[in-house]
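Asker: pasting a predicted model and its sequence here:
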Amino acid sequence: MMTITARYLIAPLLVLSGLAVAASGAGNLGSLRGQMALDQDPAPARIEDPLKDQGIQDRVYIHQPPLIPHQVRDYEVDLKVNQCLSCHGWKNATERNAPRVSPTHYENRDGLTLSDISPRRYFCQQCHVPQTGAGLLVENTFMPVESLR
Ligand code: HEC
Ligand code: HEC
């Protein structure tokens with residue numbers, strides 16, 4: 001059992017050390033924005049050594065979003081413009097000689113098929129990634145599923 005004096009001593013110490021942690025943490029929080037104010041945009045980090053024109057890449061599991069086999073630098077995707085769709089949307093794909101997005105990209109979360117790209121598939125690079133010549137960040141033993149090896 002703790003004596004009364006010890007309890008009175010320890011409680012304020014805990015409060016003080018908590019304050020110290022909060023104060024020292026605030027200055028050096030690591031984030032991609034650094035110390036930049038919220039109404040300013042930091043210069044986007046450049047992807048080193050992007051690989052271009054590698055041709056369609058093998059998939060390694062069945063519902064894998066295919067890898068992007070070309071550079072994507074400066075392809076705009078925002079509220080008004082989606083440059084990916086200017087080649088991959090159903091309207092232009094044949095003319096642009098690009099693979100069309102599959103019908104799943106027109107399905108909303110209730111499984112209904114829309115006549116235009118589904119909002120949940122609008123930001124392509126949430127799922128599709130281009131490739132770079134960088135080394136592995138983390139060693140791993142990942143293997144494609146048996147049927148695709
Ligand atoms: C100028 C036209 C053009 C634009 C813009 C474009 N792509 Fe492509 N994309 C292609 C072509 C052509 C291919 C097929 C490459 C091949 O056959 O070697 C391709 C291939 C792909 C593939 C591989 C599909 C598969 O079945 O493996 C993905 C994924 C992809 N693009 C995503 C994107 C995304 C995401 C964007 C926007 C950031 C984008 N593309 C912008 C023309 C384009
Ligand atoms: C939520 C994840 C997600 C988003 C966002 C998304 N895709 Fe996909 N995409 C997939 C998956 C998963 C597949 C493979 C299975 C399928 O077709 O649904 C795929 C397949 C594709 C294919 C190959 C189609 C085929 O028939 O082989 C292309 C091309 C493609 N996506 C382009 C795009 C473009 C362009 C955008 C943005 C407009 C986009 N995707 C947004 C997940 C996504």
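Answerer: Sure, I can see it. What you see is a predicted model; the values in this text were computed from it and never measured. Ligands and ions are numbered 1, 2, ... in the order given.
Asker: contacts, neighbours, all on C-alpha from now
Answerer: Will do.
Asker: now residue 68: how far from residue 29?
Answerer: 33 Å (C-alpha to C-alpha, to the nearest Å).
Asker: looking at these two, which one has more neighbours?
Answerer: residue 68 (20 against 10; other C-alpha atoms under 10 Å).
Asker: so who does the more buried one touch?
Answerer: Residues near residue 68 by C-alpha atoms under 8 Å, 6 or more residues apart in numbering: 56, 128-131.
Asker: middle-most residue in the protein, spatially?
Answerer: residue 126 (5.0 Å; C-alpha atoms, centre = their mean).
Asker: what is the nearest of the contacts of residue 68 to residue 63?
Answerer: residue 128 (12.0 Å; C-alpha to C-alpha).
Asker: measure the closest one to ligand 1 for me?
Answerer: 5 Å (C-alpha to the nearest ligand atom, to the nearest Å).
Asker: please enumerate the helices of the chain.
Answerer: 4-27, 83-88, 93-96 (DSSP state H).
Asker: which of those helices has the lowest average pLDDT?
Answerer: Note on these: lowest mean pLDDT is at helix 4-27, with a mean of 50.
Asker: show me which residues of the protein sit near ligand 2.
Answerer: Within the chain, the positions near ligand 2 by C-alpha under 6 Å from any ligand atom are 63-66, 84-85, 88, 99-102, 104, 120-124, 126-127.
Asker: ok, the closest residue to residue 97 other than its chain neighbours - contacts?
Answerer: Spatial nearest neighbour of residue 97, excluding adjacent residues (C-alpha to C-alpha, 6 or more residues apart in numbering): residue 87 at 7.9 Å. Contacts for residue 87 (C-alpha under 8 Å, 6+ apart) come out as 93, 96-98, 100.
Asker: and this structure, which of its residues are near ligand 1?
Answerer: 53, 55-57, 66-69, 72, 75, 83-84, 87, 97-99, 124-125, 128.
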